[in-house]
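>>> what's the 3D shape of this:
(one chain, ligands or ions: 2)
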Amino acid sequence: MTMCPKHKRIKSRKTIQAVRKSYCEYCGRQATGEPHHMFTVGSGGGDVEYNLIQLCTCCHVAVHAGNIQRDDLLAIVAEREGLSVDEVYRLNRRAMGWDV
Ligand SMILES: [Zn+2]
Ligand SMILES: [Zn+2]
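Ligands and ions are numbered 1, 2, ... in the order given. A predicted model of the protein is given here:
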């Protein structure tokens, strides 16, 4: 019997598709590609609505370069989800298994 290794990370295509938009949620320009994970998958961030934001290429590069702060993105997502920034923080930290 051969072992079938399980993928460590489960990518939720469905959630990513649901969050995906044709415009950048930061600047409103046309956007392509996958949404950005505000809390990186590497750090335990999940494929969940409150961790994903659609960005255009320019903003995406700016975020990864540190020119756009994560707090700014959290505020946008909080408004979209109808939550406070604190709540979005807490939901993400909980999803990452951190004590909040
Ligand atoms: Zn943008
Ligand atoms: Zn990104």
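>>> Without its sequence neighbours, what residue ends up closest to C24?
Spatial nearest neighbour of C24, chain neighbours left out: C56 (3.7 Å); criterion: Cβ to Cβ, 6 or more residues apart in numbering. Using the backbone N, CA and C atoms, a C-beta is placed for each residue, glycine as well.
>>> Alpha carbons of stretch 47-64, as CSV, please.
C-alpha atoms of stretch 47-64 as CSV (Å, rounded to 0.1, in the frame of the first residue of the first chain):
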residue,chain,number,x,y,z
ASP,A,47,-7.7,31.5,2.6
VAL,A,48,-10.5,33.3,4.3
GLU,A,49,-12.5,36.3,3.2
TYR,A,50,-11.2,38.5,6.0
ASN,A,51,-7.6,37.7,5.1
LEU,A,52,-7.9,38.4,1.4
ILE,A,53,-7.9,41.6,-0.5
GLN,A,54,-7.9,42.1,-4.2
LEU,A,55,-5.1,44.4,-5.4
CYS,A,56,-3.8,45.6,-8.7
THR,A,57,-0.3,44.9,-9.7
CYS,A,58,1.0,48.3,-8.5
CYS,A,59,-0.6,48.1,-5.1
HIS,A,60,0.4,44.5,-4.7
VAL,A,61,4.0,45.4,-5.3
ALA,A,62,3.7,48.4,-3.0
VAL,A,63,2.3,46.2,-0.2
HIS,A,64,5.1,43.7,-0.5
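>>> who touches the most centrally placed residue in the chain in this structure?
Geometric centre of the chain, nearest residue: L52, 2.2 Å, by Cα atoms, centre = their mean. Neighbouring residues of L52 by Cβ atoms under 8 Å, 6 or more residues apart in numbering: T15, I16, V19, P35, H36, H37, M38, V77.
>>> got those residues as CSV, with pLDDT columns?
Shown next, in CSV, are the contacts of L52 (pLDDT from 0 to 100):
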residue, pLDDT
T15, 88
I16, 84
V19, 90
P35, 94
H36, 96
H37, 95
M38, 96
V77, 97
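>>> In strands only, show me these.
Using DSSP state E, H36, H37 are the members of the contacts of L52 that sit in strands.
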